[in-house]
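Colleague: Fold the stuff below for me.
(chains A and B)
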There are 2 protein chains.
Amino acid sequence: MKKLLMVYSLLIASFLLYLFYYQYQSFSANSSNSSGSVLVGNISEKYVMVTFDSGIDYWKSCLKGFEDSAENLNVSVEYRGATQYDVNEEITVLEQIIAKKPAGVAVSAIHPEALDITINKAVEAGVPIVLFDSGAPKSEADSFLGTDNYKAGVIAAQKMAELLGGKGEVAVVTIPNQLNHEQRKQGFIDTMKSQFINIRVVAIEDGKADASSSQQVALKILKEYPNVSGFFATEASGGFGIGNGIREEKKEGQVKIISFDTDKRTLDLIKEGVISETLAQGTWNMGYWSLQFLFHLHHKLLKSLPNENKGVITPLQIYMDTGITVVTKENVDNYYAK
Amino acid sequence: MKKLLMVYSLLIASFLLYLFYYQYQSFSANSSNSSGSVLVGNISEKYVMVTFDSGIDYWKSCLKGFEDSAENLNVSVEYRGATQYDVNEEITVLEQIIAKKPAGVAVSAIHPEALDITINKAVEAGVPIVLFDSGAPKSEADSFLGTDNYKAGVIAAQKMAELLGGKGEVAVVTIPNQLNHEQRKQGFIDTMKSQFINIRVVAIEDGKADASSSQQVALKILKEYPNVSGFFATEASGGFGIGNGIREEKKEGQVKIISFDTDKRTLDLIKEGVISETLAQGTWNMGYWSLQFLFHLHHKLLKSLPNENKGVITPLQIYMDTGITVVTKENVDNYYAK
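Modeller: Purely as a prediction, here's the structure:
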C-alpha cells in the first residue's frame, strides 16, 4: 500500500513536471513569436560612438540619433572620443574601446587613413564598425553614413545663384586639403561653371577653420574684388568670420553669405540677416542609422547573397547620404538645440 | 513511512514552486523587454513593393529583403507591379494600391518622372513612399535606395584593367538614354581615361537590352576592331549576347567580358569561363532597408532637427548606395538562387 502511494506520488510528480515543461515550451514559442522581434536587443549590449574634438556642439545631434536608436532597440550606448583634434588620441581611445569587445562602434575618422590599422584589427576580431560623418574608405569597415559633400557644394551654388539672381562675382572660403571641404568647394565651382555662366568664382581662399582668419580673408577679398556679392563658407567658423567682416564693412544683406552647419553663432547671424542661408547636415540620421546598422551586424541579421545563411558577418558595404537641408531666416528657429 | 512520504511530497512541491517562480521571473524580464520595443509592428500593417516587368528574376532578391525585414518587424507585405515594361500599367497599379492606404510603398520607377504625379498624391495623402533601384528624383518622395551606377562603371573599369594587365582595346555594349546605363557607361569611360591610359575604349554600341541584338553588335565590333580584348555590358542580356558572340568566334577566355547582374544565364557563362566577371547589385539590401525606412516613416520615428518632436512625417531625404560585389568563377556558386 505504501509502495503504491509512492508510485502514485512519483506519477503525479512526473505529470506535473511534464505539464510544466509543456507550458514552458509553449511560453518560449510565444515569446519568440509575439515579439517576432529580433529587433529587440539586450540592455547589456553596449554600442560606442567615437569622435574627435568630442566636446563640440556638432556631435550632439549625431549622439541624440544614436541614443534614440538605442532606446528603440533596447540596447546601451556610450559616447567617447579624442577631446582634441588629435589623430593619436583618437587611435588610443579606439584601441581602448575595442579591447573591451563592445557590440559595435560608430567611428567618425579624424583622418581618412590614420585609423585603418585599428579599424581593421576590430573587424578581424569580430567587432562591427561603421564610419559616419568622416569615413575611412580604405579600411575593412567598408561603409559610410554622412553627407555627400560634393552634392552639398552643388546645392550651395544653386542657392547662391537664387540669391544673386543668376549673376555676379562670388568667393569661396574653405580649408584646403581636407577631403570633405575640397568636395564642397568643387561641387560649388563645377555647378557655377556648368549651370550659371553669369556667375564667376573670383577667389578661393583658406579660412583656416578659424573665425578671425576668415574675417581677414573676407576683408582682403572685398578689397581686391569690390564687386564680390556672395561668399560660400565650407564650414561654420568661416561663415561666422565672413559675417563679422561683412558687418565691419556695413554690407550686411548686400553681400550674401551661405555657410555650413548650425552652431548657435551661425543661427544667430541668420536671425540678424548677416548670413543668408546655411546648410544643415543630417546628423541625427547619421547617428540613428549607424546604430541600426551596427545592431544588424552584431545580431547577424544581414545577408547579401540569395543563398547565404543569415549568420555571416558580411561587409556592410552600404553608403548612406544623409542629406542636406537649407536653413533660412524663415525656418531658423527649428534649428536651435533645445 | 507516512512521514517520509510527506517529506517527499513537500520537497516535490517546493521544487515545483521554485521552478514556477523562476519561470515567472524570466517571463517578466522578457515581457518588459518586448513591450519596450517600438520596432515591432502589427501584422495588419501592410507594406507594398511595386515594380515593373514584375515577373523577372531580378526582383526576387529585392522582395526577399523586403520580406525578411517584414518578418523582423512583424508586419505584412504584398508584391505588385506592372507585368510588362509599360509606364501606364505601373501608374495604374500604383494608383490602385495608394487608394487602399497601405502603411507604405516601395516603388521602383520605370521612368524617372512619369510616376511623379501619382507619387506626390500618395505623399500628400500621408502614404509613405520610398524609391528603390530606379528613382524618381523630382518627386516629393525624396529618397532612394539602390546602386551608385557611376561607381559601378568605375569598378567595372578597374576590374577590366586587372583582367587585361592594364592595356588593350575595349568596347561597351549598353542601352543609350536610360539613366542608370548612361551612368555605368560614363563611369567606365571616365575611369579608363583618367586611370588607365593604355586602355582605349574603341566602340560604344546599343545592345537594345536584347541577347541576339547584343550578339550581332559584338560580332560587328570584333570585325571592325579585331584587337578588342574586353567587353563591358551594362546589363545582363547584353553580357549573355556578347558571350554567345565570343563563343561563335571561339574566343572564349581570350576576349574578356564583364557583365551586370546575376541571372542564371550569366552565372552559367561565368562557370563555363565565357564571362569573366559580373557585377552583383545589393538587391537584398534595397528591399530590406526600404521596408525599414517605410516602417520608420509610418510610425513617425524619424526626426531631423534638434528640437523637432518625433511624430512629424519629414521627407526622408536619405540616399542609400547599396553597393556592388564582384562575381567570378571562384564565388559564382554563392549567387545561384536556391
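
Colleague: what about stretch A:282-291, average pLDDT?
Modeller: Mean pLDDT, computed over stretch A:282-291, is 94.

Colleague: Format the CA atom coordinates belonging to it as PDB.
Modeller: In PDB, the C-alpha atoms belonging to stretch A:282-291 read as follows (Å, rounded to 0.1, in the frame of the first residue of the first chain):
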ATOM      1  CA  GLY A 282      21.500  65.000 -41.500                       C
ATOM      2  CA  THR A 283      23.400  64.500 -38.200                       C
ATOM      3  CA  TRP A 284      20.500  62.800 -36.300                       C
ATOM      4  CA  ASN A 285      20.100  60.300 -39.200                       C
ATOM      5  CA  MET A 286      23.900  59.600 -39.200                       C
ATOM      6  CA  GLY A 287      23.700  58.600 -35.500                       C
ATOM      7  CA  TYR A 288      20.300  56.800 -35.800                       C
ATOM      8  CA  TRP A 289      21.200  54.600 -38.800                       C
ATOM      9  CA  SER A 290      24.700  54.000 -37.600                       C
ATOM     10  CA  LEU A 291      23.300  52.200 -34.600                       C
END
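
Colleague: What are the contacting residues of it?
Modeller: Residues from elsewhere that reach stretch A:282-291 (Cβ atoms under 8 Å, 6 or more residues apart in numbering or on different chains): A:47, A:49, A:58-59, A:61-70, A:73, A:75, A:77, A:104, A:106, A:130, A:132-133, A:145-147, A:320, A:322-325, B:302-306, B:317-318. Backbone N, C-alpha and C define where each C-beta goes, glycine included.

Colleague: following the helix or strand that contains residue A:291, which helix or strand comes up?
Modeller: Residue A:291 belongs to helix A:283-298 when assigned by DSSP states H and E. Using DSSP H and E, the helix or strand that follows helix A:283-298 in sequence is strand A:319-321.

Colleague: just checking, what packs against that next one?
Modeller: In terms of contacts (3 or more Cβ pairs under 8 Å, 6 or more residues apart in numbering or on different chains; DSSP states H and E), strand A:319-321 is packed against strand A:144-146, strand B:319-321.

Colleague: now, of those, which is deepest in the fold?
Modeller: Stretch with highest mean neighbour count among those: strand A:144-146 (a mean of 25; mean count of other Cβ atoms under 10 Å in any protein chain shown).

Colleague: got the contact list for that one?
Modeller: A:130-135, A:137, A:281, A:285-286, A:289-290, A:293, A:319-322.

Colleague: how about the residue in the stretch 101-250 of chain A positioned nearest to chain B, what does it touch?
Modeller: Closest residue of the stretch 101-250 of chain A to chain B, Cβ to the nearest Cβ: residue A:148 (7.3 Å). Residue A:148 sits next to A:321, B:319 when contact means Cβ under 8 Å, 6+ apart.

Colleague: And the pLDDT for it?
Modeller: The model's pLDDT for residue A:148 equals 92.

Colleague: Quick check on it: phi, psi?
Modeller: For residue A:148, the backbone dihedrals (degrees, to the nearest 10) come out as phi -80, psi 100.

Colleague: that older thread, would you mind getting the angle between the helix holding residue A:291 and helix B:283-298?
Modeller: 130 degrees (axes from the mean of the first three to the mean of the last three Cα atoms, to 10 degrees).

Colleague: which residues in chain A form strands?
Modeller: A:46-52, A:76-82, A:104-107, A:129-132, A:144-146, A:168-174, A:199-206, A:228-233, A:256-260, A:277-281, A:319-321, A:324-327 (DSSP state E).

Colleague: out of those, nearest to residue B:154?
Modeller: Checking the strands of chain A against residue B:154 by Cβ to Cβ gives strand A:319-321 as the closest, at 13.4 Å.

Colleague: Can you name the residues in contact with that closest one?
Modeller: Contacts of strand A:319-321 (Cβ under 8 Å, 6+ apart): A:143-148, A:151, A:285, A:289, B:148, B:318-321, B:323.

Colleague: May I have the strands that pair with that strand, each with its orientation?
Modeller: Strands that pair with strand A:319-321, judged by DSSP bridges, come out as strand A:144-146 (parallel), strand B:319-321 (antiparallel).

Colleague: Spell out which parts of the stretch 151-300 of chain A neighbour chain B.
Modeller: Within the stretch 151-300 of chain A, the positions adjacent to chain B are A:262, A:280, A:282, A:284, A:285, A:288, A:289, A:292 by Cβ under 8 Å from any Cβ of the partner chain.

Colleague: What residues of stretch A:47-58 count as buried?
Modeller: By neighbour count with 16 or more other Cβ atoms under 10 Å in any protein chain shown, stretch A:47-58 contains the buried residues A:47, A:48, A:49, A:50, A:51, A:52, A:53, A:54, A:58.

Colleague: correct me, but the fifth one touches residue A:84?
Modeller: No - counting by Cβ atoms under 8 Å, no contact exists between residue A:51 and residue A:84, whose distance comes to 11.5 Å.

Colleague: Next, count neighbours for the residue in the stretch 151-300 of chain A positioned nearest to chain B.
Modeller: The nearest approach of the stretch 151-300 of chain A to chain B comes at residue A:284, 5.6 Å away (Cβ to the nearest Cβ). Residues near residue A:284, counting by other Cβ atoms under 10 Å in any protein chain shown, number 24.

Colleague: same deal with residue A:253?
Modeller: 11.

Colleague: residues touching it, list them.
Modeller: A:273, A:274.

Colleague: Look up how far residue A:192 lies from it.
Modeller: Separation of residue A:253 from residue A:192 (Cβ to Cβ, to the nearest Å) stands at 22 Å.

Colleague: ditto for residue A:88
Modeller: With Cβ to Cβ as the criterion, residue A:88 and residue A:192 are 39 Å apart.

Colleague: In terms of packing, which of these two has more residues around it?
Modeller: A side-by-side neighbour count of residue A:88 and residue A:192, using other Cβ under 10 Å, places residue A:192 first with 24 against 11.

Colleague: show me the contacts for the closest residue to the residue of the stretch 151-300 of chain A closest to chain B other than its chain neighbours.
Modeller: Once flanking residues are discounted, residue A:284 sits nearest to residue A:65: 3.9 Å by Cβ to Cβ, 6 or more residues apart in numbering or on different chains. By Cβ under 8 Å, 6+ apart, residue A:65 lies in contact with A:283, A:284, A:285, A:286, A:287, A:288, A:289, A:290, A:291.

Colleague: now, the most widely separated pair of the residues you listed?
Modeller: Going by Cβ to Cβ, the pair spanning those furthest: A:283 and A:291, at 13.4 Å.

Colleague: In a markdown table, list the buried residues of stretch A:47-58 along with distance to chain B and pLDDT.
Modeller: Below are the buried residues of stretch A:47-58 laid out as a markdown table (distance: Cβ to the nearest Cβ, whole Å; pLDDT from 0 to 100):
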| residue | distance to chain B | pLDDT |
| --- | --- | --- |
| A:47 | 15 | 98 |
| A:48 | 21 | 98 |
| A:49 | 17 | 98 |
| A:50 | 21 | 98 |
| A:51 | 17 | 96 |
| A:52 | 21 | 94 |
| A:53 | 19 | 92 |
| A:54 | 18 | 95 |
| A:58 | 11 | 90 |
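
Colleague: Farthest-apart pair in the residues you listed, please.
Modeller: Greatest spatial distance in those: A:47 and A:53, 20.9 Å, computed using Cβ to Cβ.
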